[in-house]
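Quick one: sequence and predicted model below, then my questions.
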Amino acid sequence: MTGRVEFDHALAEISAGRIVVLSGDRLRGGDLDLMIAARHVTPATINFLATHGRGLICLAITQGRADQLGLSLVNPGTCRQTGRPFARSIEAASGVSTGISTADRAHTVQVAIAEGASANDIHSPGHVFPLIARAEGALVRPSAVEASIDLVRMAEAGDAAVICSIMRDDGEMARIDDIDQLLLESKLAVADIGELIERLAEAKN
């Protein structure tokens, strides 16, 4: 597929509640992420991310959602940033056991993104790791965090996403050539941040 056709396919997959690969993170040296709209997260999708991504499973949220949940950046400055704007980890205040199971983490995600959710609905620390996106999106901060939210919005699938870095079998971070088999076997579409930025710039102009 061409870049534009593949991007449109990825948008359709996100809209339909399926997992896609997000490529082109410029803040983390091109690391890849699996991503899905948070509203579509289930225990099965959390298990897929843990099995095939192997990285930290994170919830990308807007500043407005963070404020609603009483969350703020752990490190608000630009010094010593890792490319991931972490808030403190969270757990649903009720409805979970140990918090680490796929069912518990999926439940925590759904609690955190529910309409009207507040700080009373979550506890910390927990096993879901919120990331607070810049309001200006990928046009200003071309990372998987902002891009995932731009993508779910573009796909009309809410304004929160769950992302997970993809690691190779040897523990190093994967690149696109490393995941050919995963893309083929799982029929995953790829959304490139560069293509997203082009679309956002076109829409702005």
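Noted; the coordinates are in hand.

so how many other residues sit close to residue 123?
16 (other CB atoms under 10 Å). C-betas here are computed from N, CA, C, even on glycine.

Return the set of buried residues in stretch 25-38.
25, 26, 27, 28, 31, 32, 33, 34, 35, 36, 37, 38 (16 or more other CB atoms under 10 Å).

Equivalent analysis for stretch 149-167, please.
149-155, 157, 159-167.

list the contacts for the residue sitting nearest the centre point of the chain?
Of all residues in the chain, the one closest to the mean position by CA atoms, centre = their mean is residue 163, 2.8 Å from it. Contact analysis of residue 163 by CB atoms under 8 Å, 6 or more residues apart in numbering lists 22, 33, 34, 35, 57, 58, 60, 131, 144, 145, 148.

With distance to residue 180, pLDDT and secondary structure as extra columns, can I get the buried residues of stretch 25-38 in CSV?
Shown next, in CSV, are the buried residues of stretch 25-38 (distance: CB to CB, whole Å; pLDDT from 0 to 100; DSSP: H, G, I helix; E, B strand; the rest coil):
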residue, distance to residue 180, pLDDT, secondary structure
25, 19, 88, coil
26, 23, 85, coil
27, 25, 84, coil
28, 21, 84, coil
31, 17, 92, coil
32, 12, 97, coil
33, 17, 97, strand
34, 15, 98, strand
35, 19, 98, strand
36, 21, 98, strand
37, 25, 98, strand
38, 28, 98, helix
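
Which parts of the protein are helices?
Ranges of helices in the chain, per DSSP state H, are 3-15, 43-48, 63-69, 102-113, 144-154, 180-186, 193-204.

separation between residue 145 and residue 102?
22 Å (CB to CB, to the nearest Å).

quick one, which of the two is more surrounded?
For the pair residue 145 and residue 102, the greater number of neighbours falls to residue 145 (28 against 19), based on other CB under 10 Å.

who's in contact with the more buried one?
58, 60, 84, 85, 131, 132, 133, 163.

ok, now residue 162?
Applying CB under 8 Å, 6+ apart, we find residue 162 in contact with 35-38, 41, 45-46, 49, 57-60, 109.

now swap in residue 34 and tell me
Applying CB under 8 Å, 6+ apart, the residues near residue 34 are 19, 20, 21, 22, 48, 49, 52, 53, 163, 164, 166, 188.

Farthest pair within those residues?
Farthest apart among the contacts of residue 34 by CB to CB are 22 and 48. That separation is 14.6 Å.

out of these two, which sits in the more crowded spot?
residue 22 (28 against 18).

Isn't the more buried one up against residue 151?
Yes: taking CB atoms under 8 Å as the definition, residue 22 is a contact partner of residue 151 at 7.5 Å.
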